[in-house]
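**Q** Just need the structure, nothing else, for what follows:
(one chain, ligands or ions: 1)
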Amino acid sequence: MPKREDDTYRYAYGHPPACTCVDCVNRRLRKRRSRKKIIAIVVIVVVVAVVIGIFHNQIAQFFGS
Ligand SMILES: [Zn+2]
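**A** As a prediction, this is how the structure comes out:
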C-alpha cells in the first residue's frame, strides 16, 4: 500500500529537483559523472595542447639555434 501511494505521488507530481529517491540519486550521480568525465577530457586535451605547444617552441628553438 505505501508503495502504491508513492507511485501515485510520483505520477501525480513527478520527482522534484531535490528528490532523494534511489532512482533520482543514481540519475544525478550518472549525470555528474558524465559531466566530470567531459570536464576531465577537456582539461586533459587543453593540458596536452599546452604541453605540445611548449615542446614545439623548445624544438623550434633547439633546431633554430
Ligand atoms: Zn525521485
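
**Q** The longest helix along the chain vs the ion: in contact?
**A** Once the chain is assigned using DSSP state H, the helix that runs over the most residues is helix 22-64. Yes - for a cut-off given as CB under 5 Å from the ion, helix 22-64 has contacts with the ion, namely C24. Using the backbone N, CA and C atoms, a C-beta is placed for each residue, glycine as well.

**Q** which ones are touching the residue nearest to the spatial centre of the chain?
**A** For the chain, the residue sitting closest to the mean C-alpha position, by CA atoms, centre = their mean, is R35 at 1.2 Å. If you count contacts by CB atoms under 8 Å, 6 or more residues apart in numbering, R35 has none.

**Q** Per-residue pLDDT of it, please?
**A** Looking at R35, its pLDDT reads 91.

**Q** Figure out how far stretch 52-61 is from the centre of its chain.
**A** How far stretch 52-61 lies from its chain's middle: 32 Å, per CA atoms, centre = their mean, to the nearest Å.

**Q** for that stretch, what is the average pLDDT?
**A** 83.

**Q** Check which residues of it are buried.
**A** For stretch 52-61, the neighbour count (16 or more other CB atoms under 10 Å) marks no residue as buried.

**Q** sec struct for H15, please.
**A** Secondary structure, DSSP: H, G, I helix; E, B strand; the rest coil: H15 is coil.

**Q** what number of residues lie near the nearest residue to it once chain neighbours are set aside?
**A** In space, and not counting its chain neighbours, H15 is closest to C24: 5.1 Å by CB to CB, 6 or more residues apart in numbering. By the criterion of other CB atoms under 10 Å, C24 has 15 neighbours.

**Q** I'd like the distance from C24 to A18, if you could.
**A** 9 Å (CB to CB, to the nearest Å).

**Q** likewise V50?
**A** Distance from V50 to A18, by CB to CB: 39 Å.

**Q** So those two - more neighbours on which side?
**A** Neighbour totals were compared for V50 and A18, and V50 leads with 10 against 7 (other CB under 10 Å).

**Q** Quick one: low-confidence residue ranges for this structure.
**A** Within the chain, the segments meeting pLDDT under 70 span 1-12, 65.
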